[in-house]
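Trainee: everything below, folded, please.
(one chain, ligands or ions: 1)
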Amino acid sequence: MKDFLQLQDKHIVIMGVANDRSIAWSVAQSLHAAGAKLIFTYRQERSAKKLNKLLEKNEMDAAVIQCDVNDDESITSAFAEIKEKFTTVHGLVHSVAHAHKEDLNGDFIDTSRDGYAFAQDTSAYSLVAVAKAVRPLMAEGGSIVTMSYLGADRVLDGYNVMGVAKAALEASVRYLANDLGPDNIRINAISAGPIRTLAAKGVPSFNEILSKVEEKAPLRRNVSAEEVGDMTTGLMGALSRGVTGEVIYVDAGFNIIGIG
Ligand SMILES: NC(=O)c1ccc[n+]([C@@H]2O[C@H](COP(=O)([O-])OP(=O)(O)OC[C@H]3O[C@@H](n4cnc5c(N)ncnc54)[C@H](OP(=O)(O)O)[C@@H]3O)[C@@H](O)[C@H]2O)c1
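Mentor: This is a model prediction of the structure:
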């Protein structure tokens, strides 16, 4: 059983560490504990600085490469650098999303054309683009995990355009699973419960959502980023080898509740 959990020397790309609160950072710690060799990508220099400090503090040795998922050239050059340095990749964690702040306030109906396109491009299409870029590097098969949220299925005040982007992200997971399956590449989404991160600050009703979950979720609590990290590690390893195209909830069971 233990061997199934081992990711010893597996090369895993992690996209989306902005700071120590990022879900991707908890994912990194869990994967590191399982023995994986980590390759990080970042967008802003500010994030790279924070990430490098975190790596130093935790005595973790990893590659850190710039990749802006809104920019095809940046994706191409990041994965060319990964190929040059590592040849093969076994896993990829896509923990990236963004929408314009003004599109998370007020009514969804007022979303601008530009704001809608930007949220889709950054938060959903980016998964398609990076899956395509990493595919040739996953010659031995692989596993891709992305982060979604309940706003893909249900209406949550203030989640607005990001909910629609998450719906597209989850549908993309299913179509990508069908394309990548013959290459023994699996892809799944984790639908995480609310976690206090930089991105979560943009959701105006976030505090209300946290207290509702604590009150109503079957486990009567919120989840931690560590719990999402551990599920990601599970999806990277052989214990989950028969699972692809799924949305897996790590939300203390909140999604199953009807009228509470
Ligand atoms: N926190 C929650 O409650 C929650 C719940 C469910 C799902 N999620 C999802 O989890 C994922 C991670 O979010 P988080 O909560 O951990 O927040 P976070 O720490 O703010 O991470 C978001 C990351 O997205 C990156 N990013 C944004 N635009 C990018 C671009 N164009 N190219 C490359 N990277 C870009 C940011 O990089 P820079 O900072 O360098 O720009 C940042 O590292 C997101 O998909 C989010 O929707 C979060």
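
Trainee: please name the bridge partners of I14.
Mentor: Taking DSSP bridges as the rule, I14 bridges to F40, V93.

Trainee: quick check: it vs I109, distance?
Mentor: Distance from I14 to I109, counting by Cβ to Cβ, to the nearest Å: 36 Å. C-beta: built from backbone N, CA, C; applies to glycine.

Trainee: how about the residues of the stretch 1-150 of the chain that lie near the ligand?
Mentor: Residues of the stretch 1-150 of the chain that fall close to the ligand, judged by Cβ under 6 Å from any ligand atom: 16-18, 22-24, 42-44, 47, 67-70, 95-98, 122, 147-149.

Trainee: ok, now with 5 Å
Mentor: Residues of the stretch 1-150 of the chain that fall close to the ligand, judged by Cβ under 5 Å from any ligand atom: 16, 18, 22-23, 43-44, 47, 68-70, 95-98, 122, 147, 149.

Trainee: now S205. Nearest residue, chain neighbours left out?
Mentor: By the measure of Cβ to Cβ, 6 or more residues apart in numbering, the closest residue to S205 outside its immediate chain neighbours is G158, 4.1 Å from it.

Trainee: now swap in V128 and tell me
Mentor: S172 (5.6 Å).

Trainee: hang on, the one you found packs against L127?
Mentor: Yes - under the criterion of Cβ atoms under 8 Å, S172 makes contact with L127 at 5.5 Å.

Trainee: neighbour count: those two, which is higher?
Mentor: Legend: neighbour count by other Cβ atoms under 10 Å for S172 and L127, higher for L127 (27 against 19).

Trainee: leaving out chain neighbours, which residue sits closest to F108?
Mentor: Once flanking residues are discounted, F108 sits nearest to N160: 4.4 Å by Cβ to Cβ, 6+ apart.

Trainee: what is the burial count for the one you found?
Mentor: 26.

Trainee: please apply the same query to E226.
Mentor: 14.

Trainee: helix or strand for it, which one?
Mentor: helix 225-236 (DSSP states H and E).

Trainee: gap between that helix and the chain center?
Mentor: Remark: helix 225-236 is offset 11 Å from the chain centroid, using Cα atoms, centre = their mean, to the nearest Å.

Trainee: which helix or strand lies directly C-terminal to that helix?
Mentor: strand 247-250.

Trainee: just checking: what are the partner strands of that following strand?
Mentor: Assessed with DSSP bridges, strand 247-250 is paired to strand 185-192 (parallel).

Trainee: end to end, how far does stretch 202-211 reach?
Mentor: Criterion Cα to Cα, to the nearest Å; first-to-last residue distance in stretch 202-211 is 17 Å.

Trainee: mean confidence for that stretch?
Mentor: Per-residue pLDDT over stretch 202-211 has a mean of 91.

Trainee: which parts of the stretch 151-260 of the chain sit against the ligand?
Mentor: Going by Cβ under 5 Å from any ligand atom, the residues of the stretch 151-260 of the chain near the ligand are 192, 194-195, 197-200.

Trainee: between which two of the residues you listed is the distance greatest?
Mentor: Greatest spacing in these, by Cβ to Cβ: A192 and L198 (14.6 Å).

Trainee: of those two, which one has the most company?
Mentor: More crowded of A192 and L198, by other Cβ under 10 Å: A192, with 24 against 11.

Trainee: which strand or helix spans the closest residue to A124 other than its chain neighbours?
Mentor: With sequence-adjacent residues excluded and distances taken as Cβ to Cβ, 6+ apart, A124 is closest to A168, at 3.9 Å. If you go by DSSP H and E, A168 is part of helix 160-180.
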